[in-house]
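Asks: Below is the structure, and that's it, no one-letter string:
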DNA sequence: TGCACGTGCTAACTTCTGTTGGCATGTGCT
DNA sequence: AGCACATGCCAACAGAAGTTAGCACGTGCA
């Protein structure tokens, strides 16, 4: 989740996760200000159910992380915060990542093995 | 298409475009080696129709560019090559981009404009 | 003429994703 | 008890995206 070359699949996942206005806003809202689900949903003006889905995707991609906490009045609240990450997208970086993509399904011919850097 | 802060919508488009194994491979195949559609399709092992769709997306996102050329034997061939681009993905960059996202759909109420920060 | 090779397009199917709404759980306070 | 607020999950729909197959057009060459 750093600047080191990500695998193709990781890259695809991160990009797919970030390629969504809602999730971009979620990340933006979380920068420098951790928050819990319900409140975040209110601030962003979207439903909790929807936000949860997006948060889950972000978390799965490793872009945000969550931890459950108990507020003073005993309520369980799930706080989210953004992780530090840096992804640099250039043709070369993509070319490198593409070589580590898992094979769609088929051939993977023989003379091919030296694949992994 | 450079390192300068992209708008939210641009970012979303680029990320969505790159968030696909096939398109990653296409970009990879095009790095340092321009190619024409039919040949590229053969090399990648995918159908021309499919490749065309992906190439179009890549082109729309500004990641590759095409120009029609006539081969020596008079055949019209469409050559593609990758554009130079650099996108740096960090929480902060995303936060900045998110602010320039076009409104999802509805209200865009009046007192809303100075919204952020 | 017929084949090989290049281009482009579109209709149709399948699969994935986003989104909503409802219902369940739990707590503290009046 | 009833309300407000927190969490979680799931079924269902709508729409977007990926993919295939087939057709059109063009050229050069045996």
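Replies: Thanks, I have the structure now. Because the structure is predicted, anything quoted here is derived from the model rather than measured. Numbers count the residues shown, from 1 in each chain, chains lettered A, B, ... in the order given.

Asks: Wait, residue A:18 touches residue A:25, no?
Replies: No. Taking C-beta atoms under 8 Å as the definition, residue A:18 is not a contact partner of residue A:25, at 11.3 Å. Yep, even glycine has a C-beta here, placed from its N, CA and C like the rest.

Asks: which regions of chain A lie under the pLDDT threshold?
Replies: Low-confidence segments of chain A (pLDDT under 70): A:1-3, A:104-117.

Asks: buried stuff in stretch A:78-97?
Replies: Neighbour counts over stretch A:78-97 (16 or more other C-beta atoms under 10 Å in any protein chain shown) mark A:79-80, A:82-83, A:85, A:87, A:89-91, A:93-97 as buried.

Asks: Close to chain B as well: tell me which of those qualify.
Replies: A:82, A:83, A:85, A:87, A:89, A:90, A:91, A:94, A:95, A:97 (C-beta under 8 Å from any C-beta of the partner chain).

Asks: list the contacts for the second one?
Replies: I take that to be residue A:83. Listed by C-beta atoms under 8 Å, 6 or more residues apart in numbering or on different chains, the contact partners of residue A:83 are A:1, A:62, A:63, A:64, A:65, B:91.

Asks: Would you show me how to pick out the buried ones of those in ChimeraX?
Replies: Those of the contacts of residue A:83 that count as buried under 16+ other C-beta under 10 Å are selected in ChimeraX with:
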select /A:63,64 /B:91
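
Asks: Closest one of the contacts of residue A:83 to residue B:32?
Replies: Closest approach between the contacts of residue A:83 and residue B:32, by C-beta to C-beta: residue A:1, at 28.3 Å.

Asks: those strands in chain A, which residues are they?
Replies: A:35-36, A:64-70, A:76-82, A:87-89 (DSSP state E).

Asks: would you list the ones next to chain B among the buried residues of stretch A:78-97 in TSV and tack on distance to residue A:41?
Replies: Below are these laid out as TSV (distance: C-beta to C-beta, whole Å):
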residue	distance to residue A:41
A:82	17
A:83	21
A:85	23
A:87	27
A:89	30
A:90	36
A:91	38
A:94	34
A:95	40
A:97	34
